[in-house]
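S.K.: sequence and predicted model, in that order:
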Amino acid sequence: MKIYDISQEVFSCEVYPGDPVPKKTALKSMQEGEVYNLTAFSMCAHNGTHIDAPFHFIKDGKTV
């Protein structure tokens with residue numbers, strides 16, 4: 001099976017005006033004395049590559 005990587009870099013992609021900018025936050029850090037590393041990511045579902053549907057702009061539009 002051939003696999004195609006169509007992923008896009010999240011933190012450098014364009015963001016639609018008014019949408020939140022993607023963030024990466026270190027919650028726990030072994031370098032800071034914690035016993036493990038923990039990272040949280042926050043971003044709008046429409047950042048980067050996605051499939052849009054009429055539902056995004058039409059109240060009763062079809063979804064994906």
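M.R.: That came through, no problem.

S.K.: which SSE is D5 in?
M.R.: D5 is part of no helix or strand when elements are defined by DSSP states H and E.

S.K.: what's the burial count for it?
M.R.: The burial count assigned to D5 is 5, neighbours taken as other CB atoms under 10 Å. For glycine as for every other residue, the C-beta is placed from the backbone atoms N, C-alpha and C.

S.K.: from P17, how far off is it?
M.R.: Relative to P17, D5 is positioned 29 Å away (criterion: CB to CB, to the nearest Å).

S.K.: for this structure, which segments count as strands?
M.R.: 23-28, 38-42 (DSSP state E).

S.K.: in the last one, what's buried?
M.R.: Neighbour counts over strand 38-42 (16 or more other CB atoms under 10 Å) mark no residue as buried.

S.K.: what lines up beside that strand in the sheet?
M.R.: Sheet pairing for strand 38-42, assigned by DSSP bridges, gives strand 23-28 (antiparallel).

S.K.: pLDDT weak spots in the protein?
M.R.: Segments of the chain classed as low confidence (criterion: pLDDT under 70) are 49-51.

S.K.: switch to 80 and redo it
M.R.: Counting by pLDDT under 80, the chain contains low-confidence ranges at 8, 45-52, 64.

S.K.: in space, not sequence, find me the middle residue of it.
M.R.: Centroid-nearest residue in the chain, with CA atoms, centre = their mean: M43, separated by 4.5 Å.
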